[in-house]
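1. Need a 3D model of the sequence below.
(one chain, ligands or ions: 1)
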Amino acid sequence: MQALVLEQSDGETIAHVKPVSPEMLPAGEVTVDIDWSSLNYKDALAITGKGKIIRQFPMVPGIDFAGKVHHSEDPRFHNGQAVLLTGWGVGENHWGGLAEQARVKADWLVPMPEGLDGRKAMIIGTAGFTAMLCVMALEEGGIRPDSGDILVTGASGGVGSSAIALLSALGYTVTAVSGRGTTYDYLRQLGATSMLSRDEFTQDSRPLEKQRWAGAIDTVGDKVLAAVLAQMNYGGVVAACGLAGGFALPTTVMPFILRNVRLQGVDSVSVPAARRVAAWKRLVKTLPEAFYQHATREIALAEAADGAARLLKGEITGRTLVKIR
Ligand code: NDP
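-> Got it, this is the predicted structure:
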């Protein structure tokens with residue numbers, strides 16, 4: 001089978017597509033023939049070696065994939081069954097989805113939800129799944145469409161684009177924060193009603209600013225998240241899932257103790273199975289058909305390494321789908 005293989009040479013990460021014997025696949029109960037994978041921020045960090053994602057080499061990256069069961073030693077899965085996978089450390093410490101086959105634990109697989117196919121599942125991918133978890137976090141914090149406006153940061157990226165499409169379809173009024181003015185038409189197509197420049201959020205903010213947002217989904221962290229917290233309405237909820245701008249959080253306790261603001265962390269890697277299935281069902285039901293067209297760029301496995309470098313340079317909007325076979 002063909003796989004994108006990451007190796008180390010003089011401390012540098014080298015990425016090559018090359019033939020790999022399926023016998024080398026790691027242990028697991030289910031072998032999957034992969035049809036589609038995608039490029040996420042974490043994949044880009046892993047493939048370029050710009051983030052310390054991979055600790056054992058050689059490694060096949062790809063934190064998500066969709067395909068059909070090739071062989072299963074677990075009674076829950078049968079040959080030919082359509083499945084998808086996100087998270088669980090696959091593509092980080094267990095060979096991942098940027099390959100024609102993967103062997104994984106049965107517990108990690110999600111049967112393909114009704115109404116979805118492998119291609120659509122990977123247009124959504126880890127990014128869209130995480131966006132759904134963020135929306136669920138806002139809802140669980142009591143935020144409804146009539147609570148007020150919702151802010152989405154890192155808006156033109158995979159998580160941000162998916163979050164805008166989901167929130168807009170659910171009837172929320174969405175403001176998008178983007179570092180690229182060229183993305184505004186795209187963000188409007190997804191359903192954002194207003195756009196703000198990232199520059200407005202990267203200055204040092206005061207502990208409390210004018211109240212503007214009922215809810216926020218932050219994919220950026222650092223000063224941007226600090227500024228968002230300072231602008232939240234009384235009782236507002238922020239779902240924080242990302243660090244595209246940095247992992248620091250230079251804030252104060254003021255938004256929490258004076259405005260009752262809630263900061264909810266969102267992880268997609270180790271989400272329990274029942275919540276995964278619930279989130280995928282909501283994604284299928286909520287995302288409009290137009291999302292699958294507007295938010296997607298398709299590449300071949302051989303283009304994945306270049307795609308990863310471009311993603312980190314901020315040259316890509318929305319989702320990058322990788323066609324494996
Ligand atoms: P993308 O690269 O697709 O999007 C990130 C976006 O953030 C960019 O498009 C850009 O949007 C903005 N951005 C990029 N660099 C900076 C910067 N230096 N400062 C501020 N903004 C910046 O990545 P994803 O959408 O796949 O992931 C977004 C974040 O969410 C990542 O940090 C990722 O690790 C995290 N994540 C976390 C998950 C979890 O389980 N918690 C799961 C999935 C992702 P614009 O140009 O519009 O400003």
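
2. List the contacts of the closest residue to residue 261 other than its chain neighbours.
-> Leaving aside its sequence neighbours, residue 261 sits nearest to residue 255 (C-beta to C-beta, 6 or more residues apart in numbering; 4.1 Å). Where C-beta positions appear, they are placed from N, C-alpha and C, glycine not excepted. Applying C-beta atoms under 8 Å, 6 or more residues apart in numbering, we find residue 255 in contact with 207-208, 229-230, 232, 261.

3. please redo it, this time with the cut-off set to 6 Å
-> Contacts here follow C-beta atoms under 6 Å, 6 or more residues apart in numbering; on that basis residue 255 touches 229-230, 232, 261.

4. Okay, strands next: where are they in the stretch 101-250 of the chain?
-> Ranges of strands in the stretch 101-250 of the chain, per DSSP state E, counting those that start in this stretch, are 101-104, 110-111, 150-153, 174-178, 194-197, 213-218, 232-240.

5. Regarding the residue nearest to residue 261, what is its secondary structure?
-> helix (DSSP: H, G, I helix; E, B strand; the rest coil).

6. In terms of pLDDT, where does it sit?
-> We have a pLDDT of 98 for residue 255.

7. With the ligand as the reference, measure out to it.
-> Look at residue 255 and the ligand: by C-beta to the nearest ligand atom, to the nearest Å, they are 20 Å apart.

8. So what's the residue count around the residue in the stretch 151-300 of the chain that the ligand sits nearest to?
-> Relative to the ligand, the nearest point of the stretch 151-300 of the chain is residue 157 (1.8 Å; C-beta to the nearest ligand atom). Counted with other C-beta atoms under 10 Å, the neighbours of residue 157 add up to 27.

9. just the residues of this protein that are near the ligand, which are they?
-> Listed as neighbours of the ligand in the chain under the rule C-beta under 6 Å from any ligand atom: 40-42, 126-127, 130, 154-160, 178-180, 183, 198, 219-220, 224, 241-245, 266-269, 311, 314.

10. Now restrict those to buried residues only.
-> 40-42, 126-127, 130, 154-160, 178-179, 183, 198, 219-220, 224, 241-245, 266, 268, 311 (16 or more other C-beta atoms under 10 Å).

11. from those, which ones fall inside helices?
-> Using DSSP state H, 41-42, 126-127, 130, 158-160, 224, 311 are the members of these that sit in helices.

12. farthest-separated two in the residues you listed?
-> Distance extremes for those: the farthest pair is 126 and 224 at 21.0 Å, using C-beta to C-beta.

13. Residue 198 touches residue 181, doesn't it?
-> No. In this structure residue 198 lies outside contact range of residue 181 using C-beta atoms under 6 Å: 9.9 Å.

14. any idea how this structure splits into domains?
-> 2-112+295-323, 126-265 (automatic domain parsing).

15. Any chance of a markdown table for these, columns distance to residue 286?
-> Formatted as a markdown table, those follow (distance: least, C-beta to C-beta, whole Å):
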| stretch | distance to residue 286 |
| --- | --- |
| domain 2-112+295-323 | 14 |
| domain 126-265 | 5 |
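
16. quick one: buried residues of stretch 248-263?
-> Buried residues in stretch 248-263, counted by 16+ other C-beta under 10 Å: 251, 255, 259, 261-263.

17. cool, stretch 133-152 as well?
-> 133-138, 141, 143, 147-152.
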